[in-house]
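Asks: Okay, here's the prediction I keep looking at, along with the sequence it came from:
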Amino acid sequence: MVVIGTVFRTSDVPVGDRFDYWRNLVGRTRPSDMSSTHHEDFQAELLMMELGPVKVWPASTSPTRYRLSPRQSRQARPDLYHLTLLLDRGLALEYAGSTHTFAPRDLHMVDDSHPYDLQPLDEKADALVTGVGVDFPKTLLPLPERQVRPLLGHGLSGREGMGAILAGHLTGLAQQAKALKPCDATALGSVVIDLVAAWLAQISGANTASARETHRQSLLRQIEAFICQNLHDPELSPRTIAAAHHISVSYLHRIFERQKHAETVAASIRQQRLKGARHDLENPTMLTTPIHTIGERNGFPRACDFSRAFKAAYGISPSECRMRALRGME
């Protein structure tokens, strides 16, 4: 069961209704004329994740053409940007008088009030096109439209630099959807916008102190979200965090200590794990959960290490913490 999103599948409806089902579904977010040579046995699956005002939707579909005519563009919302990360197959986009092609791990953005014609490069029935779409209000992006406009419609790499970090975060959201909670949604949407802003600032050549600071802030937020999602993993370490974000361990330490007032990565991980463990020990619904199990679920696979770290942090053992919580309920 997906907690933070809703899954839509054409396989859930009769074969003859599948293409119309998909057309109506996508039309709620991005109205356009849609056509496919596979409309008689159309295949598609979409996970709609509403992260506050940001919508992220990983999808896999039969080859489909999406066209927004000049007339339709005048009726579209003028306040939205749409970002696409292509993961498999190829696409061609006609936008603002130019045509560009996209390969796997390419990113591109468009203004949803501007005409476009997006077509698959491969029409084979078994060649499903997969990717991640992102829709967000222009006002959330801390960059002027004049800086963004020259980048619209172009294929931009998601294989290196900030593009790779953004692409990794978008694919990671889909992979972690079952473990995420509704209360995480707004924060996760903010991380997406921060990463998009830092990516656009980098590729637009806005190499100012402000752009660099935006980069650092957005990277830190992504790192913090990654740590939060993986606290249960005993293998979580500066090395694994740096590798997941395509940066060196030394740079991870520098950016983390600068933004977190000299707190180290390891210290932050330990503090959050112990805070989670204490919350579990004092939780009335977990009073029958063995203490060693609570340690394991908070990243301490060895009971002795858990007990030692907990006592060093709070001055009491895990069992004493639970006993105090029990006495407080009497």
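Replies: Right, received. Where do you want to start?
Asks: Okay, residue 326 and residue 128: tell me how far apart.
Replies: Between residue 326 and residue 128 the computed distance is 55 Å (Cβ to Cβ, to the nearest Å). (C-beta placed from N, C-alpha, C; glycine too.)
Asks: Between these two, which has more neighbouring residues?
Replies: Neighbour count, other Cβ atoms under 10 Å: between residue 326 and residue 128, residue 128 has more, with 19 against 12.
Asks: so which strand or helix has the residue nearest to the more buried one when sequence neighbours are not counted?
Replies: Leaving out its chain neighbours, the residue that sits closest to residue 128 by Cβ to Cβ, 6 or more residues apart in numbering is residue 60, at 5.0 Å. For residue 60, the element it lies in under DSSP states H and E is strand 54-61.
Asks: and that strand, what other elements does it pack with?
Replies: strand 44-51, strand 129-137, helix 161-175, helix 185-203 (3 or more Cβ pairs under 8 Å, 6 or more residues apart in numbering; DSSP states H and E).
Asks: please redo it, this time with the cut-off set to 6 Å
Replies: When contacts are defined as 3 or more Cβ pairs under 6 Å, 6 or more residues apart in numbering; DSSP states H and E, strand 54-61 packs onto strand 44-51, strand 129-137.
Asks: between these, which one is nearest to residue 88?
Replies: Between residue 88 and the helices and strands packed on strand 54-61, the shortest gap by Cβ to Cβ is with strand 129-137, which sits at 4.3 Å.
Asks: other SSEs contacting the closest one?
Replies: Here strand 129-137 touches strand 54-61, strand 80-88, going by 3+ Cβ pairs under 6 Å, 6+ apart.
Asks: how far is the shortest one from where the chain is centred?
Replies: Going by Cα atoms, centre = their mean, to the nearest Å, the spacing between the C-alpha centre of strand 54-61 and its chain's C-alpha centre is 10 Å.
Asks: Ok, stretch 244-264 next?
Replies: So, by Cα atoms, centre = their mean, the centroid of stretch 244-264 is 21 Å from its chain's centroid.
Asks: With only the CA atoms kept, save it in CSV.
Replies: Output of stretch 244-264 as CSV, limited to C-alpha atoms (Å, rounded to 0.1, in the frame of the first residue of the first chain):
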residue,chain,number,x,y,z
ALA,A,244,24.2,8.5,-2.7
HIS,A,245,24.6,12.2,-3.4
HIS,A,246,27.5,12.0,-5.9
ILE,A,247,29.9,14.0,-3.7
SER,A,248,33.1,13.3,-1.8
VAL,A,249,33.1,12.5,1.9
SER,A,250,35.3,15.5,2.6
TYR,A,251,32.8,17.8,0.8
LEU,A,252,29.9,16.2,2.7
HIS,A,253,31.7,17.0,6.0
ARG,A,254,32.4,20.6,4.9
ILE,A,255,28.9,21.5,3.8
PHE,A,256,27.3,19.7,6.8
GLU,A,257,29.5,21.3,9.5
ARG,A,258,29.2,24.8,7.9
GLN,A,259,25.4,24.6,7.7
LYS,A,260,24.8,22.7,10.9
HIS,A,261,27.0,24.9,13.2
ALA,A,262,30.0,22.5,13.3
GLU,A,263,27.8,19.4,14.1
THR,A,264,29.3,16.3,12.4
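Asks: Which positions within that stretch qualify as buried?
Replies: Judged by neighbour count (16 or more other Cβ atoms under 10 Å), stretch 244-264 contains these buried residues: 244, 245, 247, 252, 255, 256, 259.
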